[in-house]
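Student: need coordinates for the below:
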Amino acid sequence: MQPQSLAGESDRAAADALRAADIAGRIPVWSSQPGATIIRPSRTFLDLGLRSLWPYRELLFYLTWRDIKVRYKQTVVGVVWVLLQPVLTMLIFVIIFSKLAHLKAPGHIPYPLFVFAGLLPWQLFASGMAGVTASVVGNTSLITKVYFPRLIIPIAAVLSGLVDFAMSLIVLVILMVHYRYVPGLEALAIPFFILVAIATALAAGLWLAMLNVRYRDVQYTIPFLTQAWLLLTPVAYSTSIVPVRYRALMGINPMTSVVDGFRWAFVGGPAPWSHSFAASLAMVGLILTSGIVFFRRTEKTFADLI
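Tutor: Numbers count the residues shown, from 1 in each chain. Model (predicted):
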């Protein structure tokens with residue numbers, strides 16, 4: 001079975017789930033004719049409409065599971081590549097930045113462990129942003145045939161990356177055992193930093209997805225954007241080497257605080273700088289909120305453009 005047919009089966013399963021749902025009881029309707037459903041736009045500009053997503057939670061599960069199946073079915077290395085990619089990236093960073101540029105991790109943290117702990121949240125963000133960008137165009141068959149909150153599609157795309165993240169987390173645990181590192185109470189903050197990474201990927205991806213619907217060449221800029229963003233994020237280097245007066249400016253990049261926080265929660269080292277962390281949270285909130293608002297404002301035109 002080809003990946004396309006797998007996606008088709010999952011699309012049909014998602015459509016069946018929608019048909020079986022009691023749509024009339026889940027969205028506000030106003031009609032003078034029996035059996036007719038009229039869907040009206042929100043009356044306030046900042047209405048995110050997040051409550052309308054809950055009735056479609058089963059559809060969210062179907063779409064997330066479909067993305068996972070299509071990703072791993074009929075692949076040569078499959079799960080092995082998910083583990084090899086961060087490991088090979090770590091080795092390249094160790095050779096270039098540690099051996100050649102003589103960069104060191106803060107304190108007594110081994111540099112390979114320092115880099116790998118920063119790579120995990122970064123790859124969760126990068127894969128999520130790329131998936132969200134292509135998600136609307138990649139689900140044309142669903143968007144053009146049946147009504148449901150379109151926001152479910154990008155959310156499913158970013159959630160499917162958690163499987164890769166969980167498998168790569170095993171490698172980090174092995175490295176920590178090898179270097180005899182035991183996380184402290186700071187590890188309780190790990191779910192929070194994962195949530196911020198997902199929110200950042202969704203926030204950036206929503207804007208790119210809306211642009212990709214109208215301008216298809218946007219998807220070709222994602223590799224360059226990801227590489228440039230990686231260099232601006234302290235994955236291979238420590239934030240401590242950046243002058244203090246520039247650290248608040250680095251907070252404009254939300255992934256700076258995510259990488260620093262995730263690394264601090266797992267292997268210790270300096271905690272995320274409070275000013276940059278506050279700026280990062282504010283930036284994520286602003287981009288995500290505005291992205292959801294304009295996504296819901298423009299979703300009615302997706303079927304015509306794709």
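Student: OK, contacts around the closest residue to residue 120 other than its chain neighbours?
Tutor: The shortest distance from residue 120 to any non-neighbouring residue, by C-beta to C-beta, 6 or more residues apart in numbering, is to residue 168 (5.6 Å). Yep, even glycine has a C-beta here, placed from its N, CA and C like the rest. Applying C-beta atoms under 8 Å, 6 or more residues apart in numbering, we find residue 168 in contact with 82, 83, 86, 120, 123.
Student: closest one of these to residue 145?
Tutor: Using C-beta to C-beta, residue 82 comes nearest to residue 145 of the contacts of residue 168, at 32.3 Å.
Student: let me know the helix or strand that that closest one is in.
Tutor: Assessed by DSSP states H and E, residue 82 sits inside helix 79-93.
Student: likewise residue 122?
Tutor: Taking DSSP H and E as the definition, residue 122 sits inside helix 111-138.
Student: the helix holding residue 82 - contacts with which helices or strands?
Tutor: helix 111-138, helix 161-178 (3 or more C-beta pairs under 8 Å, 6 or more residues apart in numbering; DSSP states H and E).
Student: which residues of the stretch 101-250 of the chain score low on pLDDT?
Tutor: Counting by pLDDT under 70, not a single residue of the stretch 101-250 of the chain qualifies.
Student: ranking the helices and strands packed on helix 79-93 by burial, who's on top?
Tutor: Greatest average neighbour count among the helices and strands packed on helix 79-93 goes to helix 111-138 (a mean of 24), per mean count of other C-beta atoms under 10 Å.
Student: circling back: for the helix holding residue 82, buried residues please.
Tutor: 82, 86, 89, 90, 93 (16 or more other C-beta atoms under 10 Å).
Student: tell me which residues are up against it.
Tutor: Helix 79-93 is contacted from outside by 72, 75, 77, 112, 115-116, 119-120, 123, 164, 167-168, 170-171, 235-236, using C-beta under 8 Å, 6+ apart.
Student: for residue 207, state which of those residues is nearest.
Tutor: The closest of these to residue 207 turns out to be residue 123 (C-beta to C-beta; 20.6 Å).
Student: excluding chain neighbours, what is closest to that closest one?
Tutor: residue 86 (6.0 Å).
Student: what pLDDT does that neighbour get?
Tutor: What the model reports for residue 86 is a pLDDT of 91.
Student: check residue 10 too.
Tutor: pLDDT, residue 10: 54.
Student: same question, the one 4 residues further on
Tutor: Here, the pLDDT recorded for residue 14 equals 56.
Student: and the helix or strand hosting residue 227, what's buried?
Tutor: Using DSSP H and E, residue 227 maps to helix 222-231. Using 16+ other C-beta under 10 Å as the test for burial, helix 222-231 gives 222, 225, 226, 229, 230.
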